[in-house]
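**Q** have a look; sequence and predicted model below, questions after that.
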Amino acid sequence: MSEQRTIIVTGGSRGLGTAMCRKLAALGYPVAVNYASNASAAEAVVREITGAGGRAHAVAGDVAQEADVLRLFEAAEAALGPLGGLVNNAGIVGANSRLADLDVVALQRTFAINVIGTVLCAREAVRRLSTARGGQGGVIVNLSSVAARLGGPGEFVHYAASKGAVDSFTLGLAREVAAEGIRVNAVAPGLIETEMNPPERLARIGPTIPIRRAGQPEEIAEAVAWLLSPAASYVTGTILTVSGGR
């Protein structure tokens, strides 16, 4: 994949997404910084990237809404050029509760963003990247979680289930489009210092991790950047765990 082609990062205005946008821009990729509602945060990321000599453009859109996803891809390519890759980073926990106390609205929204959003965005990427459809090939990186393997008991089994769906989708899509020039992988972070993990949770779980600490967003961004790069040209259908041994 040429470094001159655009990478869309969903949920790029905060947390892991911001770290990914910074890293990819530093490597020379034009970056479309997607956001759902916080325009000021997304524009701040864009200003930081362009101030450092990179190319970036903020694009609003709720990935759970098909019309928004269509506009996201159209706007990204109009502003930055042809698509080269997608990072399906947008995601929510939805609620921190035991299943018996889970509200159905929180459940539906979690799956709408984490699963339907991932699938919709990947669909649009495949339509543009597939060599069978006139594209030049490219890379899709989905964001999973070690929760898919650990299950999230007592906190968010619904979130864990949504990430299990992401894993299954990653494996299936990778095999479906491998002969069309598209590699599809996922990164499964462990406990990372972002707003999704409050200080109490970081303090409670961090010391139990084999490496004895929570991870940093930049460490996940490094994994994503590698999977997008030609260095990972023979890697597809892989769930790369970045969790400090957890």
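**A** Structure received.
**Q** what residue is smack in the middle of this structure?
**A** residue 89 (1.8 Å; Cα atoms, centre = their mean).
**Q** contact partners for that one?
**A** The contact partners of residue 89, by Cβ atoms under 8 Å, 6 or more residues apart in numbering, come to 9-12, 16-17, 20, 143. To be clear about C-beta, it is placed using only N, CA and C from the backbone, and glycine gets the same treatment.
**Q** kindly recompute the last result at 10 Å.
**A** Residues in contact with residue 89 (Cβ atoms under 10 Å, 6 or more residues apart in numbering) are 8-12, 14-21, 34, 63, 118, 121, 141-143, 187, 220-221, 224.
**Q** now, those residues that are in strands?
**A** In this view, those that belong to strands under DSSP state E are 8-9, 34, 141-143, 187.
**Q** as JSON lines, the residues you listed with distance to residue 243 would be great.
**A** Listed next are those as JSON lines, based on distance: Cβ to Cβ, whole Å:
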{"residue": "8", "distance to residue 243": "25"}
{"residue": "9", "distance to residue 243": "21"}
{"residue": "34", "distance to residue 243": "25"}
{"residue": "141", "distance to residue 243": "16"}
{"residue": "142", "distance to residue 243": "16"}
{"residue": "143", "distance to residue 243": "13"}
{"residue": "187", "distance to residue 243": "10"}
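**Q** any idea which of those residues is the one closest to residue 52?
**A** Closest approach to residue 52 among the ones in strands among the contacts of residue 89 (Cβ to Cβ): residue 9, at 16.3 Å.
**Q** burial of that closest one, as a residue count?
**A** By other Cβ atoms under 10 Å, the residues close to residue 9 number 34.
**Q** is it in contact with residue 80, as I believe?
**A** No - here residue 9 lies out of contact with residue 80, judged by Cβ atoms under 10 Å, at a distance of 11.8 Å.
**Q** who touches both of the two?
**A** With Cβ under 10 Å, 6+ apart, residue 9 and residue 80 have common neighbours 29, 31-32, 56, 59.
**Q** which SSE is residue 85 in?
**A** Residue 85 belongs to strand 83-88 when assigned by DSSP states H and E.
**Q** dump the helix or strand of the chain with the lowest mean pLDDT to PDB, restricted to CA.
**A** Between all helices and strands in the chain, the lowest mean by mean pLDDT, DSSP states H and E belongs to helix 199-205, at a mean of 94. Listed next in PDB are the C-alpha coordinates belonging to helix 199-205 (Å, rounded to 0.1, in the frame of the first residue of the first chain):
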ATOM      1  CA  PRO A 199      -8.400   5.500  37.400                       C
ATOM      2  CA  GLU A 200     -10.000   3.000  39.900                       C
ATOM      3  CA  ARG A 201     -10.000   0.300  37.300                       C
ATOM      4  CA  LEU A 202      -6.500   1.000  36.100                       C
ATOM      5  CA  ALA A 203      -5.300   0.900  39.800                       C
ATOM      6  CA  ARG A 204      -7.100  -2.400  40.400                       C
ATOM      7  CA  ILE A 205      -6.200  -4.300  37.300                       C
END
